[in-house]
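K.L.:
Here is my input, please return the structure:
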Amino acid sequence: MKIAIASGKGGTGKTTLATALAQAAAQPVQLLDCDVEEPNAHIFVKPQWTNHKDATIAIPVLDTTRCTNCGKCGELCQFNAIVTIANQTMIFSDLCHSCGGCVLVCPEKALQEQPKTIGYIDTGHSGEITFIKGTLVIGEAMSPPVIRQVKKTAAADQLTIIDCPPGTSCPMMTAVNGSDFVLLVTEPTPFGLHDLKLAVETLRSMDIPFAVVVNRAGCGDDKVDHYCRNEQISLLLQIKDDRRVATAYSRGDGLLSALPELATQLRSLLTEIEKRINQAQGQTQGGGTQ
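P.N.:
As a prediction, the model looks like this:
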């Protein structure tokens, strides 16, 4: 079972919920920090690190002695990562998406791929939690390849909780892709509602089942509640606005250290999500909704 924790905007408590769910789970669990541009879940999980490896992508390298500057590689590239101008072929590796197409179309075999490190994957353990963190190298532009490698590192047959990047662009979509269920974390504010709507549209276009969790409930208005009712979106949990959570967070402690009574609710939340996933899979296998 793969559960992604996402949000339309940053600062809603996505990482807070993801780490608390992992800590509350009554079984071994994998927690993946796929917010690779600014990973911070390790602060609250405090794992003992056991493995470190590079996250790489394949970048084309030009053999100028073989290149005839025919331009076929540049014609193929949709990202302008390789161009031929004035009988000179140039490669802009920061734009390369590592599709390998340029290598295939080169008639002179003048292009070869070599690995480029764009990030790091760290694995550790904390109790029953296997923690996997991705970190994008500063200055690199594309986080999706690192996110995909974080997910590939995880075992396929274990409860997995994915802490996703905020927003609704390619990094978020890469992180939630392949998940069985997504929890959208929001806050009861105009900004929270606005970005929740964007996230809902994104997940509906991807056809991934989801529900909403409201963090800091009581600090704003009730428009998120009205929106969820009108859109027939399940609101599975509301976490009250509590100063103790902010105090714990400032010390590097998680949600459950401030509100240990939430552990039971979080385990019930995991049970409810599992039930919904099983129902959805049963409907798919049965040919649709009865």
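K.L.:
which helices and strands does the top helix by length along the chain pack with?
P.N.:
Taking DSSP state H as the criterion, the chain has its longest helix at helix 262-285. With contacts taken as 3 or more CB pairs under 8 Å, 6 or more residues apart in numbering; DSSP states H and E, helix 262-285 sits against helix 14-24, strand 181-186, strand 235-240, helix 255-258. Where you see a C-beta, it was placed from the backbone N, CA and C, and this is true even at glycine.
K.L.:
Okay, Ile118 and Ala217: tell me how far apart.
P.N.:
Between Ile118 and Ala217 the computed distance is 39 Å (CB to CB, to the nearest Å).
K.L.:
neighbour count winner among these two?
P.N.:
Using other CB atoms under 10 Å as the criterion, Ile118 and Ala217 rank with Ile118 on top: 24 against 19.
K.L.:
gap between the closest residue to Thr247 other than its chain neighbours and Ser250?
P.N.:
Excluding the flanking residues, the one nearest Thr247 by CB to CB, 6 or more residues apart in numbering is Ala258, at 6.9 Å. The gap separating Ala258 from Ser250 is 11 Å, by CB to CB.
K.L.:
Over to Leu31?
P.N.:
The gap separating Leu31 from Ser250 is 21 Å, by CB to CB.
K.L.:
between those two, which one's more packed in?
P.N.:
It is Leu31, of Leu31 and Ser250, that has more neighbours when counted by other CB under 10 Å, with 28 against 8.
K.L.:
Now that one: closest residue in space that isn't a chain neighbour?
P.N.:
Setting aside the residues directly before and after it, Leu31 is nearest to Ala22 in space (CB to CB, 6+ apart), at 4.2 Å.
K.L.:
ok, that neighbour touching Asp33?
P.N.:
No. Using CB atoms under 8 Å, Ala22 is not in contact with Asp33; the gap is 10.5 Å.
K.L.:
can you list the domains in the protein?
P.N.:
2-55+121-285, 64-109 (automatic domain parsing).
K.L.:
Tell me which of these is the most buried.
P.N.:
Ranked by mean neighbour count, the domains of the chain are led by domain 2-55+121-285 with a mean of 18 (mean count of other CB atoms under 10 Å).
K.L.:
avg pLDDT for that domain?
P.N.:
Average pLDDT, domain 2-55+121-285: 93.
K.L.:
so how far is Val213 from Leu270?
P.N.:
Distance of Leu270 to Val213, given as CB to CB: 12 Å.
K.L.:
I meant to write Thr64 there.
P.N.:
55 Å.
K.L.:
what's the answer for Lys53, then?
P.N.:
The value you get for Lys53 to Val213, if CB to CB is used, is 33 Å.
K.L.:
same check, this time on Ala280
P.N.:
Plainly put, Ala280 is 19 Å away from Val213 if you go by CB to CB.
K.L.:
and if you look at Thr89?
P.N.:
51 Å.
K.L.:
now Gln279
P.N.:
Gln279 is 19 Å from Val213, by CB to CB.
K.L.:
Give the bridge partners for the nearest residue to Ala41 once chain neighbours are set aside, please.
P.N.:
Nearest non-adjacent residue to Ala41, counting by CB to CB, 6+ apart: Asp33, 4.2 Å away. Beta bridges link Asp33 to Lys133, Asp163, judged by DSSP bridges.
K.L.:
from what I can see Asp33 touches Lys133, true?
P.N.:
Yes. Asp33 lies in contact with Lys133 (CB under 8 Å); the separation is 4.3 Å.
K.L.:
picking up where we left off before, show the contacting residues for the residue nearest to Thr247.
P.N.:
Contact analysis of Ala258 by CB atoms under 8 Å, 6 or more residues apart in numbering lists 242, 244-245, 247-249.
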